[in-house]
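Chemist: quick one: sequence and predicted model below, then my questions.
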Amino acid sequence: MSKKRSTRTPSFTFKNINLLNSKRSQTILSFGMIFSIILIVIFITFAFYAISKFLSIQKSVEIGKFTNDFQSDVDKIWKGSQGSQAMEYNLPISIEKVCFIDYSSENSGTNVKIYNELRQLHYENENMFFYPLGSGEGLDAKEIKNIDLARITGGENPFCVENMKGKVRLTIKKNFGESLVTITN
């Protein structure tokens, strides 16, 4: 009698192969998930970094716009024979005060501490400063032309104006016969 050969392969072999493939695919899946999570964290970190840089640029633009608009308003009043204009400007809330300081005269008034602290920013002709130090995003001091700094700081040197919730209110005026503009609250 002849023995018949079985054409069937033992089933335990397929189970072992399926088990190996299943474990390998689980390992590959877990590495894929970890890699995806790492990429998501990297993208979120980059997004926060980019947003913070854009906000910093926005502050710088707002400060630059303030200084340009303020100088323009001073020049308008200065060119006329007389005038007075109350203006409101926007500034970042990180700036607590806008100060006018005359470093050719002594300090006086309520903001004496600020006088010495802001001296670090005075190099040549700067007369307007943002307090606290560093709040001006690189534009902490600026020279405003055509203002009568001696009269502005006569009673109080430095003369500071508070930033109230991102708004600074200044009155720019020039009387008949005066050659320079004065700034008041």
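Modeler: Cool, the structure landed. On a predicted model such as this, the values are computed, not experimentally measured, just so you know.
Chemist: could you use CA atoms for every contact and neighbour count after this?
Modeler: Fine.
Chemist: which SSE is immediately downstream of the helix or strand harbouring residue 36?
Modeler: Using DSSP states H and E, residue 36 sits within helix 11-79. Using DSSP H and E, the helix or strand that follows helix 11-79 towards the C-terminus is strand 83-90.
Chemist: centre of the chain versus that next one, how much separation?
Modeler: In terms of CA atoms, centre = their mean, to the nearest Å, the centre of strand 83-90 is set 24 Å apart from its chain centre.
Chemist: okay, now the sheet partners of that strand, with direction.
Modeler: Paired with strand 83-90 in the same sheet, following DSSP bridges, are strand 167-174 (antiparallel).
Chemist: measure the spatially most central residue of the chain to residue 90 for me?
Modeler: With distances taken as CA atoms, centre = their mean, the residue of the chain nearest its centroid is residue 56 (3.3 Å). Distance of residue 56 to residue 90, given as CA to CA, to the nearest Å: 15 Å.
Chemist: try residue 44
Modeler: Taking CA to CA, one finds residue 44 at 31 Å from residue 90.
Chemist: of these two, who's got more company?
Modeler: A count of neighbours by other CA atoms under 10 Å puts residue 90 above the other of residue 44 and residue 90, at 16 against 12.
Chemist: circling back: next, the angle strand 83-90 makes with the helix holding residue 36.
Modeler: For helix 11-79 against strand 83-90, the angle by axes from the mean of the first three to the mean of the last three CA atoms, to 10 degrees is 170 degrees.
Chemist: quick check: mean pLDDT of helix 11-79?
Modeler: The average pLDDT within helix 11-79 is 80.
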